[in-house]
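Enquirer: sequence first, predicted model second:
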Amino acid sequence: MNEDQNAVRTPGPEMETVHLLRRVSVEFGLRQADFAARHGMHPTDVRALICLLDAARSGTPATAGWLGAQLGLNSAGTTALIDRLVRLGHLTRVRDADDRRRVLLAVDARAVELGQEFFGPWLTGMVELLRTFDAREAAAVRRFLLGAHAALAREGGDDA
């Protein structure tokens, strides 16, 4: 057994933190599934809206191909998802002002409002908690979460 495998199998504060992150992730997933069920959506629809909101925040142009890649869907699945979200009034297709051949996806303001009504209290609580941290503590939390995301995003879960 190598050192990395031993670290995962040995209980300690690091694994306790990893398990806490997993608990938070599971809770987020449960809330997302509840939101989806209440609004006649599939959980993947909610993940798509989150991806699109993140893209808008970062200035990333969101096309159907981009969204499909983010969600691991083929083109038929992506089209069905987009059509469903458009039909529900959560998503709009708009022509790219820079390239009229390209269609961009945008989350409708009503969907944003629904999300804020549902998730807002939990998000507010987390923001208030973070405000109790000093700058160094907040930076450590951010560094851990960015590193955890990078580790999960790596193909195959290793450094290969």
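Expert: Received the coordinates, thanks. Numbering: from 1, shown residues only.

Enquirer: what helices or strands is the longest helix along the chain leaning on?
Expert: Looking across the chain with DSSP state H, the single longest helix is helix 13-38. On a contact count with 3 or more C-beta pairs under 8 Å, 6 or more residues apart in numbering; DSSP states H and E, helix 13-38 meets helix 3-9, helix 43-58, helix 109-130, helix 135-153. Glycine gets a C-beta too; all of them are placed from N, C-alpha and C.

Enquirer: now render these as JSON lines, adding distance to Arg101 and mean pLDDT.
Expert: Listed next are these as JSON lines, based on distance: least, C-beta to C-beta, whole Å; pLDDT from 0 to 100:
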{"stretch": "helix 3-9", "distance to Arg101": "48", "mean pLDDT": "61"}
{"stretch": "helix 43-58", "distance to Arg101": "19", "mean pLDDT": "95"}
{"stretch": "helix 109-130", "distance to Arg101": "26", "mean pLDDT": "96"}
{"stretch": "helix 135-153", "distance to Arg101": "31", "mean pLDDT": "95"}
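
Enquirer: which one of those helices lies nearest to Ser25?
Expert: helix 135-153 (9.4 Å; C-beta to C-beta).

Enquirer: any idea of the angle the closest one forms with helix 13-38?
Expert: 70 degrees (axes from the mean of the first three to the mean of the last three C-alpha atoms, to 10 degrees).

Enquirer: now helix 135-153, how far from the chain's geometric center?
Expert: Relative to its chain's centre, helix 135-153 lies at 15 Å (C-alpha atoms, centre = their mean, to the nearest Å).

Enquirer: how about residues contacting it?
Expert: Contact with helix 135-153 is made by 17-18, 21, 130, 133, 157, as judged by C-beta atoms under 8 Å, 6 or more residues apart in numbering.

Enquirer: one more time with 6 Å
Expert: Leu130 (C-beta atoms under 6 Å, 6 or more residues apart in numbering).

Enquirer: cool, stretch 89-101 as well?
Expert: 85, 102-106, 108, 111.

Enquirer: skip the chain neighbours and tell me the closest residue to the residue positioned nearest the centre of the chain.
Expert: Nearest to the mean C-alpha position of the chain, counting by C-alpha atoms, centre = their mean, stands Ile50 at 5.1 Å. Closest residue in space to Ile50, ignoring its immediate chain neighbours: Gln32 at 7.9 Å, by C-beta to C-beta, 6 or more residues apart in numbering.
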